[in-house]
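Novice: The following comprises the amino acid sequence and a computationally predicted model.
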Amino acid sequence: MKASFAVIHGIGTQRPDFADGFLRAVRARVEARGVPRDALEVTSIYWGDLFQWDEDDLWRRMTKAHRLDWRWLRKFVMGVLADAVAYRRPNPGQYDHYQAIHERVHERLAELGARAGATTPLVVAAHSLGSVIFSDHVWDEQQRRGPGRDPFTRCETLAGLITFGSNIPLFTLGLETVTPIAFPPPSDALPEAVRAEARWMNYFDRDDVLGYPLREISPAYAATVTEDVVLEVGSVMTSWNPAAHSAYWEDAAFVDRVAAQVAAVAKVGVQ
């Protein structure tokens, strides 16, 4: 049996290769912890292209006739708000961003499962809005509203969840009952030895205005999320401002923590 690792990005302009360096760094550290290279399958879940044209078009229209100050911050805020609004706003009879994103998540997981195996333990690292997207995806699968067809694509083998720079708390506003996904999933597809290693770790930087703790959301979240961990990420140019939100990817301490969690699952999963 193999183990598998997937990463999904969050808000802002992203490239299809957004996770290449991060995946290389995590894999190298996992191998250094004694996990054979062929025992771990990895993938990235890229969805930025589904929003980018609309956001670029909006930015062009807003700046065509007016000179706006704080352009870098405006683009940052527009990326945050536009992604979040487009993702959650239903458009009956029109293009459905929510559906499109979750089809993309399913496609990438199905491709990963085809390589790794339908009962392979899965660890997912989800950044920013990606943590909301993946949480929604697992929720839909657990409510049997998703497209999953086997234990892997139904997320029944989810053995590790790593959220970072997560804004899940903001998406709970207005909900009458705030309930997280069931984690670890209540499924026989996850062996007890792997289940014992299952952790939902949440990381945030105090200077990251889009990253929050999760255990304080509700008693149910406190019982489900293993730990909220405060990190100081970024350089002298990014660690003290909103740019900290994108600084996790190359932070050595964060990468080490991710690799340790992946390796712990992999060592049990490949036995």
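Specialist: Looks like it arrived, so ask away.
Novice: so the closest residue to residue 187 other than its chain neighbours, which of the three states?
Specialist: Spatially, and ignoring its direct neighbours in sequence, residue 187 is nearest to residue 156 (3.7 Å; Cβ to Cβ, 6 or more residues apart in numbering). C-betas here are computed from N, CA, C, even on glycine. Reducing the assignment to helix, strand or coil with DSSP: H, G, I helix; E, B strand; the rest coil, the entry for residue 156 is coil.
Novice: The one 10 residues further on now?
Specialist: Per three-state DSSP, the secondary structure class of residue 166 is coil.
Novice: In contact with it: list those residues for me.
Specialist: When contacts are counted by Cβ atoms under 8 Å, 6 or more residues apart in numbering, residue 166 is found next to 126, 127, 128, 131, 132, 202, 204, 211, 212, 214.
Novice: What of residue 217?
Specialist: The contact partners of residue 217, taken as Cβ under 8 Å, 6+ apart, are 168, 169, 172, 178, 180.
Novice: and the closest residue in space to it that isn't next to it in sequence, how many neighbours?
Specialist: Computed as Cβ to Cβ, 6+ apart, the closest residue to residue 217 that is not its neighbour in sequence is residue 169, at 5.4 Å. Other residues within reach of residue 169 by the criterion other Cβ atoms under 10 Å amount to 17.
Novice: one step back: can you pick the most crowded of the contacts of residue 166?
Specialist: Ranked by neighbour count under the definition other Cβ under 10 Å, the contacts of residue 166 are headed by residue 127 with 29 neighbours.
Novice: secondary structure element for residue 132?
Specialist: Under the criterion of DSSP states H and E, residue 132 resides in helix 129-142.
Novice: what comes into contact with that helix?
Specialist: Applying Cβ under 8 Å, 6+ apart, the set of residues contacting helix 129-142 is 8-11, 45, 47, 83-84, 87, 98, 101-102, 105-106, 124, 126, 146, 148, 153-156, 158, 161, 163-168, 171, 180-183, 185.
Novice: if we can go back for a sec, I would like a PyMOL command selecting only the buried ones among the contacts of residue 217, please.
Specialist: Only the buried members of the contacts of residue 217 end up in this PyMOL selection, burial being decided by 16 or more other Cβ atoms under 10 Å:
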select buried, resi 168+169+172+180
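Novice: Out of the contacts of residue 217, list just those in strands.
Specialist: Within the contacts of residue 217, no residue falls in strands by DSSP state E.
Novice: Now distance to residue 223 too, for the contacts of residue 217, in TSV please.
Specialist: Conversion of the contacts of residue 217 to TSV gives the following (distance: Cβ to Cβ, whole Å):
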residue	distance to residue 223
168	15
169	16
172	15
178	12
180	9
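Novice: Between the contacts of residue 217, which sits nearest residue 2?
Specialist: For those, the closest approach to residue 2 (Cβ to Cβ) belongs to residue 180, at 27.4 Å.
Novice: Pull the residues that contact the lengthiest helix in the chain.
Specialist: For the chain, the helix reaching the highest residue count under DSSP state H is reported as helix 97-116. The list of residues contacting helix 97-116 from outside it, by Cβ under 8 Å, 6+ apart, reads 2-4, 6, 8, 41-47, 50-51, 86-91, 120, 122, 133-134, 136-137, 140, 146-148, 150, 152-153, 155.
Novice: Equivalent analysis for stretch 20-33, please.
Specialist: Against stretch 20-33 from outside (Cβ under 8 Å, 6+ apart): 5, 7, 37, 40, 42, 44, 249-250, 255-256, 258-260, 262-263, 266-267.
Novice: Quick one: buried ones out of those residues?
Specialist: Neighbour-count burial (16+ other Cβ under 10 Å) is assigned, among the contacts of stretch 20-33, to 5, 7, 40, 42, 44, 249, 255, 258-259, 262-263, 266-267.
Novice: follow-up on the earlier one: looking at the contacts of residue 166, which are in helices?
Specialist: 131, 132.
Novice: can you list the contacts of residue 166 in a markdown table and add distance to residue 29?
Specialist: Converted to a markdown table, the contacts of residue 166 look like this (distance: Cβ to Cβ, whole Å):
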| residue | distance to residue 29 |
| --- | --- |
| 126 | 19 |
| 127 | 18 |
| 128 | 22 |
| 131 | 22 |
| 132 | 27 |
| 202 | 20 |
| 204 | 21 |
| 211 | 22 |
| 212 | 26 |
| 214 | 25 |
